[in-house]
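Visitor: 3D model of this:
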Amino acid sequence: MTPRTHAHWLAAALAAIVLLTAAPGHADFPWPWKRDPKPAPRLTLEGRATSEDGAPLAGVTILLEATRDRSFERLRRSPPPPPLRLTAETDDAGAFSLVWQRSGIDYRDFALTVAMPIIDDGSDRLERFYTRAIDDLMRTTAAQVQADVVVPADDASALRWLQRFLAGLGSDDEERIYRELGTPDRVDAETRRDGAKEEAWWYFARGVVYRLRDGALHQVTHFDPIPDP
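Guide: Residues are numbered from 1 along each chain as shown. Presented below is the predicted three-dimensional model:
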């Protein structure tokens, strides 16, 4: 190629680029020199937690959890950063809001979990009912996304049972048993002819059932423990 031909070729290429950039829709073309827009420093997740029938799940904990791919960290021969967790509580409409502060750590796996705080064997923990992976939502460069969580019917039913149980704790004996042993595996309840309310709290793995009458402990029965399946 002669210098003159080379110059003509460069002039033609530049002219083509000018024409393309002036054409409608050129801004959406994936030009190789264009970089993705810089993500907002904070990402707000707005959402609602509901059951499959659309009923709101009020007063539940929403846990946002971010982790790194452990296999990737093994290749780098470095320990993974600790999981990052944020929590919020839903309002009467099941709505929640979480603010994720973007950082230099390249978290790869994100999930939203519907949970309830409970006491288990004397220690506080979150009882998890349903988890939704939201990796795709967290890749956005926007400042806000909608992140609804729809809990399957069986999980929503178990969650509501736990809420009713915790809300019904009123007597000193009920509080003491719950704080010592946690949520019972099963609760049998009946109302006697005299109006008294009787409950049996079963702890199968421990081999014990507590029988309460109007919230007061009146009998403890032991049996052979039944291990969890």
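Visitor: can you name the next helix or strand after the lowest-mean-pLDDT helix or strand in the chain?
Guide: The weakest-scoring helix or strand in the chain, judged by mean pLDDT, DSSP states H and E, is helix 70-76 (a mean of 54). Remark: after helix 70-76, the chain's next helix or strand is strand 84-89, criterion DSSP states H and E.
Visitor: so what's W202 up against?
Guide: P184, D185, R186, V187, D188, V209 (C-beta atoms under 8 Å, 6 or more residues apart in numbering). For every residue, glycine as well, the C-beta is placed using N, CA and C.
Visitor: in strands, which of those residues appear?
Guide: With DSSP state E as the criterion, strands contain R186, V187, D188, V209 from among the contacts of W202.
Visitor: count the neighbours of P184 for me.
Guide: For P184, the tally of surrounding residues (other C-beta atoms under 10 Å) stands at 20.
Visitor: how close does it get to W201?
Guide: 4 Å (C-beta to C-beta, to the nearest Å).
Visitor: so what's in contact with the two at the same time?
Guide: With contacts taken as C-beta under 8 Å, 6+ apart, the residues that reach both P184 and W201 are Y210.
Visitor: distance of L64 from D109?
Guide: Separation of L64 from D109 (C-beta to C-beta) stands at 12 Å.
Visitor: more neighbours: which of the two?
Guide: Neighbours per residue (other C-beta under 10 Å) separate L64 from D109, with L64 holding more: 21 against 15.
Visitor: helix, strand or coil for the more buried one?
Guide: Taking DSSP: H, G, I helix; E, B strand; the rest coil as the rule, one finds L64 in the strand state.
Visitor: now for the closest residue to it other than its chain neighbours: which residues touch it?
Guide: Leaving aside its sequence neighbours, L64 sits nearest to L86 (C-beta to C-beta, 6 or more residues apart in numbering; 4.4 Å). L86 makes contacts with L63, L64, L98, V99, W100, as judged by C-beta under 8 Å, 6+ apart.
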